[in-house]
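S.K.: coordinates only, sequence not included:
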């Protein structure tokens, strides 16, 4: 049997935080720069625009995840590409958390809100409801299955754990232990070694961020290299395979993309402290406006957490400790809004 490959592209907008001092508390200052749209346009024109045009003009199947902030900015600066993507039949839009966050580890209730917000945004711009869910860093554990199924998702991604799989280590499509109709697609953290060198793995799933796609040489180069090893097919086509086994994952596991794994987003002391304080506000915010909840929720996004890890933060003018102090001041500002 020949190898098959499904490609997924991940587009997020990691907007830098505003510098937020003690004197900015209760001043009405935004947590993100007032020129955010200009910053996004610069980022967009640096390569994302070309990438989206190439996958839209092409005919090969590909799935795409847009975070909420990224899609909102994209719809504002280039609505024509939204219309072009909507008109295609080869691009599958994936669901996910609205803010590309780790909320599934901290709050079932707010995770559901993030799912709902993202589905509403996808419906608004693409007129459809996604069937496959891409959780941040492919976080998965059994308890997520029913929650995702209740939101009409039929599948999600997670990591391949070789020691757990044992003699099934070459399988990549499983059923959930808690719902056999719900399918799990296993990805690898091996820089495509499995795709190019392990001939026993038939079903392959490759995920790339916009930067990784650029590093690969762009969409056409990615297609050229991967087509030599596998037939590029849609997720829907791969999931026509009926899983023969279940994947029983009681505790959260993940699988990195963008060369950043889950531990790098939550285990540094500044990250641990911030996540505890941030989600400690959830109950107090539950009955507040959606706008305020989104401002709060965005402070737990992938980009913010990345900026709290000195090993990942390369901003010379605003280091991880400066970011943390700004976040603490923003938290004080949020408290005054409760």
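M.R.: The structure has been received and is ready for your questions. Treat the numbers as computed from the prediction; the structure is a model and nothing was measured.

S.K.: starting at the chain centroid, how far to the helix or strand bottoming out on mean pLDDT in the chain?
M.R.: Across the helices and strands of the chain, mean pLDDT, DSSP states H and E gives its lowest value to helix 193-197, namely a mean of 77. Taking CA atoms, centre = their mean, to the nearest Å, one finds the center of helix 193-197 at 24 Å from the center of the full chain.

S.K.: helices or strands up against it?
M.R.: strand 203-209 (3 or more CB pairs under 8 Å, 6 or more residues apart in numbering; DSSP states H and E). Where C-beta positions appear, they are placed from N, C-alpha and C, glycine not excepted.

S.K.: picking up where we left off before, so which residues make contact with the least confident helix or strand of the chain?
M.R.: Applying CB atoms under 8 Å, 6 or more residues apart in numbering, the contact partners of helix 193-197 are 3, 5, 188, 201, 204, 206, 226, 229, 230.

S.K.: In strands, which of those residues appear?
M.R.: Per DSSP state E, strands hold the following members of those: 5, 204, 206.

S.K.: Most neighbours of all these, which one?
M.R.: For the ones in strands among the contacts of helix 193-197, the largest number of neighbours (other CB atoms under 10 Å) sits with residue 204, at 27 neighbours.

S.K.: you'd agree it is up against residue 2?
M.R.: No. Under the criterion of CB atoms under 8 Å, residue 204 is not in contact with residue 2, lying 11.1 Å apart.

S.K.: list residues touching both of the two?
M.R.: residue 230.

S.K.: what about the strands in the stretch 101-250 of the chain?
M.R.: 132-133, 155-159, 173-176, 183-187, 203-209, 231-232, 246-247 (DSSP state E, counting those that start in this stretch).

S.K.: Return the most buried member of those.
M.R.: strand 132-133 (a mean of 25; mean count of other CB atoms under 10 Å).

S.K.: Need the contact partners of that one.
M.R.: Under CB under 8 Å, 6+ apart, the answer for strand 132-133 is 63, 92, 94-96, 115, 148, 151, 153-157, 235.

S.K.: before we move on, back to that, could you dump the contacts of helix 193-197 to CSV with pLDDT?
M.R.: Converted to CSV, those look like this (pLDDT from 0 to 100):
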residue, pLDDT
3, 92
5, 95
188, 78
201, 91
204, 94
206, 94
226, 93
229, 90
230, 93
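
S.K.: Return the member of these nearest to residue 76.
M.R.: Residue 76 has its nearest neighbour among the contacts of helix 193-197 in residue 206, at 29.8 Å by CB to CB.

S.K.: got TSV for the contacts of helix 193-197, with distance to residue 165 too?
M.R.: As requested, the contacts of helix 193-197 are exported to TSV (distance: CB to CB, whole Å):
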residue	distance to residue 165
3	18
5	20
188	12
201	11
204	15
206	19
226	23
229	22
230	20
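
S.K.: So, low pLDDT: which residues of the stretch 151-300 of the chain?
M.R.: 191 (pLDDT under 70).

S.K.: For it, which segments count as helices?
M.R.: Listed in chain order, the helices of the stretch 151-300 of the chain (DSSP state H, counting those that start in this stretch) span 162-165, 193-197, 210-215, 219-227, 235-238, 263-266, 269-279, 282-285, 290-298.

S.K.: Relative to residue 324, which of those helices is closest?
M.R.: Among the helices of the stretch 151-300 of the chain, helix 269-279 comes nearest to residue 324, with 4.8 Å by CB to CB.

S.K.: ok now the closest one, how far from the chain's centre?
M.R.: 20 Å.

S.K.: ok, residues contacting that helix?
M.R.: 102-103, 106-107, 110, 265-266, 296, 299-300, 305, 308-309, 320-321, 324, 327-328, 331.

S.K.: quick one: that helix to helix 290-298, angle?
M.R.: Angle between the axes of helix 269-279 and helix 290-298 is 160 degrees (criterion: axes from the mean of the first three to the mean of the last three CA atoms, to 10 degrees).
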